[in-house]
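**Student:** the sequence and its predicted three-dimensional model are supplied below.
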Amino acid sequence: MSTTAILVTIYFLLLIGWGFYNYVKKQKSGHNSLEEQFIGDRSYTTGPLMASLVAIWGSNYTLIAAAESGFTSGISGVIWYGLGIVIPLFLFSWPLNIPARIRELHPKGLTFIEIIGKRYDEKSRLAALVILFISNILFIISIVLATGIVLKSLLDIDLSTAIIIGGGVMIIYTALSGFDALIYGRIFQLALAGSAVAVAIILSVNAFSLPELINKVSANSGEMLNAVKWGPTEMLDFCIASVGFVFGSPILYQIAFSGKNDKVVTRAFRLFPLAWAPFAVGTAIMGMVAFLLYPGIKGQDAAMTLVANLFPEWAAVLFFLGALALVFSTADGAINNLASIVIFDIYQKHSNKEMTPKKASILSMTTQVSLGVIGMIGALNFGDGVLALLVLNGTVNIPFIFVIVLGLYWKRTHPTAAFWSMIIGITSVIVLYFGFNQSIYTNFIGIVTSIVILVVGSLLLTKKDTDYISLTARNVSKEGDGVA
């Protein structure tokens, strides 16, 4: 067995061992309720929350998708990929402060779907549940695919085998670990990944002497230095999808509910984009370097090919392990979160049975294993790149953007209008995306359609239903005065 394979095996065993240790610890303590499995004890401070957010957000969004954008679009990819993700994160956490707002609306909340149900009604909750389930299955598929891409480059094996091995370890680790173990495990994962990316950026820049780098960039200036090469409409399309991706990301809501208080949650979310941005910019630059050296490869393989062929063995192994660390952090977050939605928003809605800690643990593990297997099957059969999957995931989430924002800040937002905004919004983006060859206007039309229906419908319905506004205000005030 090669040194690289031994190191990967040790890394996998450490993950599984950490999960198993915490699983046994929970079983012995008797504190193993369903809520603790998916939200912990709600006592996490700024440091663990921010580390968890960056580790979750820095995997296939960054080490693969950002590098792909730099490879295919040059400096345009570096600039617009970073801005396309960072700006929605700032909107989410600074002027709107969605994390604090949802905690006011529903202080003991667990899932994104609960927020929709609390603010609107049952039919809106069900519509959101269906849309979110579809988008997050796509998300899990993209993560398993990213795991396979990294492991394929690291061990020099075919992609299908890499998906099965990486996906299998990912499922075991996530199913064994509760929320508390995942939160603190991500601190280690982020430290490993941060070291790997720092070394990778230095080595990528040092791949050329300065004159050689200038000559190569100048020779490819039309490809590399065009700030709008990605194309204005494509960039707008990506930015809108990114807003949907952020505002419809249930992992962010789950982490917001797990914080100790509003102050630490707000601070963690506001520092989060600043801590994440260097990962995206750095790996997008790696994608540009990969284009200069290996223009014939696939964009999604840019970072991995560059590292495998350019870096010394120790640095390559470090980078790949760091990449795996970030991908696994995203994977455990996505699977754990979607499992919480399946259990709390589907299973428990239709079951009044009290659950023992043992049954809660079995249900949690079974659900997470099932979702992981679905992700593996999807990754083995999905032909598009990781970036395409992420954009599709964001596109599906577009109807959530203003349902959340206006629902939290505008008391006249009506449940019926919210329901039809989501239904017609998702129908329009699906028809345009699949029916018209993934039209670049899909996201723009989707967001305009959903907001027009939501605003006009709410104005008309609240005008007819004059008691609705006062009823909404009274209901929300009981939970903490969450709607202005």
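**Tutor:** Sure, I can see it. Numbering: from 1, shown residues only.
**Student:** tell me the average confidence for stretch 353-370?
**Tutor:** For stretch 353-370, the mean pLDDT works out to 84.
**Student:** other residues contacting that stretch?
**Tutor:** Outside stretch 353-370, the residues that touch it by Cβ atoms under 8 Å, 6 or more residues apart in numbering are 23, 26-27, 30-34, 37-38, 171, 174-176, 178, 335-336, 339, 342-343, 347. Glycine gets a C-beta too; all of them are placed from N, C-alpha and C.
**Student:** count of residues packed around residue 71?
**Tutor:** If you count neighbours by other Cβ atoms under 10 Å, residue 71 ends up with 28.
**Student:** next one: it from residue 394, what distance?
**Tutor:** Between residue 71 and residue 394 the computed distance is 20 Å (Cβ to Cβ, to the nearest Å).
**Student:** and what of residue 122?
**Tutor:** Distance, residue 122 to residue 394, using Cβ to Cβ: 27 Å.
**Student:** between these two, which has more neighbouring residues?
**Tutor:** residue 394 (29 against 12).
**Student:** which residues does residue 228 contact?
**Tutor:** By Cβ under 8 Å, 6+ apart, the residues touching residue 228 are 76, 235.
**Student:** make that residue 111, sorry
**Tutor:** Counting by Cβ under 8 Å, 6+ apart, residue 111 makes contact with 250, 253-254, 337, 340-341, 344-345.
**Student:** give me that answer again for 6 Å
**Tutor:** For residue 111, the contact set (Cβ atoms under 6 Å, 6 or more residues apart in numbering) comprises 340-341, 344-345.
**Student:** quick revisit: which among the contacts of stretch 353-370 count as buried?
**Tutor:** Using 16 or more other Cβ atoms under 10 Å as the burial test, the contacts of stretch 353-370 include 23, 26, 32-34, 37-38, 171, 174-176, 178, 335-336, 339, 342-343 as buried.
**Student:** got the domain boundaries for this structure?
**Tutor:** 3-23+42-338+354-397, 398-484 (automatic domain parsing).
**Student:** buried deepest among those domains, which one?
**Tutor:** Of all the domains of the chain, domain 3-23+42-338+354-397 has the most neighbours on average by mean count of other Cβ atoms under 10 Å, namely a mean of 21.
**Student:** how far does that one stretch from one end to the other?
**Tutor:** End-to-end distance of domain 3-23+42-338+354-397 (Cα to Cα, to the nearest Å): 43 Å.
**Student:** pretty sure residue 297 sits in a helix.
**Tutor:** No: counting by DSSP: H, G, I helix; E, B strand; the rest coil, residue 297 falls outside a helix, being coil.
**Student:** quickly find the element holding the closest residue to it other than its chain neighbours.
**Tutor:** Using Cβ to Cβ, 6 or more residues apart in numbering and skipping residues adjacent in sequence, the residue nearest residue 297 is residue 305, 5.1 Å away. Here residue 305, judged by DSSP states H and E, is contained in helix 302-310.
**Student:** return the alpha-carbon coordinates of that helix using PDB.
**Tutor:** C-alpha atoms of helix 302-310 as PDB (Å, rounded to 0.1, in the frame of the first residue of the first chain):
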ATOM      1  CA  ALA A 302      -8.700  21.800 -12.600                       C
ATOM      2  CA  ALA A 303      -7.600  22.100  -9.000                       C
ATOM      3  CA  MET A 304      -7.000  18.300  -8.700                       C
ATOM      4  CA  THR A 305      -5.000  18.000 -11.900                       C
ATOM      5  CA  LEU A 306      -2.900  21.000 -11.000                       C
ATOM      6  CA  VAL A 307      -2.000  19.600  -7.600                       C
ATOM      7  CA  ALA A 308      -1.400  16.000  -8.800                       C
ATOM      8  CA  ASN A 309       1.000  17.100 -11.600                       C
ATOM      9  CA  LEU A 310       2.700  20.200 -10.200                       C
END
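**Student:** which of the domains of the chain has the lowest mean pLDDT?
**Tutor:** The minimum mean pLDDT among those belongs to domain 398-484 (a mean of 80).
**Student:** starting at the chain centroid, how far to the strand or helix carrying residue 252?
**Tutor:** Taking DSSP H and E as the criterion, residue 252 maps to helix 250-258. Distance, stretch centre to chain centre, for helix 250-258: 11 Å (Cα atoms, centre = their mean, to the nearest Å).
**Student:** and it, what other elements does it pack with?
**Tutor:** helix 313-342 (3 or more Cβ pairs under 6 Å, 6 or more residues apart in numbering; DSSP states H and E).
**Student:** quick one: the helix it packs on to helix 250-258, angle?
**Tutor:** For helix 313-342 against helix 250-258, the angle by axes from the mean of the first three to the mean of the last three Cα atoms, to 10 degrees is 80 degrees.
**Student:** between helix 313-342 and the following helix or strand past helix 313-342, find me the angle.
**Tutor:** Remark: after helix 313-342, the chain's next helix or strand is helix 357-381, criterion DSSP H and E. Angle, helix 357-381 to helix 313-342, by the same axes, to 10 degrees: 120 degrees.
**Student:** so how far is helix 357-381 off the chain centroid?
**Tutor:** Taking Cα atoms, centre = their mean, one finds helix 357-381 lying 18 Å from the centre of the chain it belongs to.
**Student:** quick check: longest helix of the protein.
**Tutor:** Secondary structure of the chain per DSSP state H: the longest helix is helix 122-155.
**Student:** now the angle from that one to helix 357-381?
**Tutor:** Angle of helix 122-155 versus helix 357-381, following the same axes, to 10 degrees, is 60 degrees.
**Student:** ok, then the element right after helix 122-155?
**Tutor:** Heading C-terminal from helix 122-155 (DSSP H and E), you reach helix 159-176.
**Student:** distance from that next one to the middle of the chain?
**Tutor:** 18 Å.
**Student:** which strands or helices does that helix pack on?
**Tutor:** Applying 3+ Cβ pairs under 6 Å, 6+ apart, we find helix 159-176 packed against helix 3-29, helix 122-155, helix 313-342, helix 357-381.
**Student:** would you turn these into JSON lines with distance to residue 413?
**Tutor:** Output for these, formatted as JSON lines (distance: least, Cβ to Cβ, whole Å):
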{"stretch": "helix 3-29", "distance to residue 413": "40"}
{"stretch": "helix 122-155", "distance to residue 413": "10"}
{"stretch": "helix 313-342", "distance to residue 413": "22"}
{"stretch": "helix 357-381", "distance to residue 413": "31"}
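**Student:** and those helices: which comes nearest residue 47?
**Tutor:** Nearest to residue 47 among these is helix 313-342; the distance by Cβ to Cβ comes to 15.3 Å.
**Student:** now the closest one, how far from the chain's geometric center?
**Tutor:** Worked out by Cα atoms, centre = their mean, helix 313-342 lies 11 Å from the chain centre.
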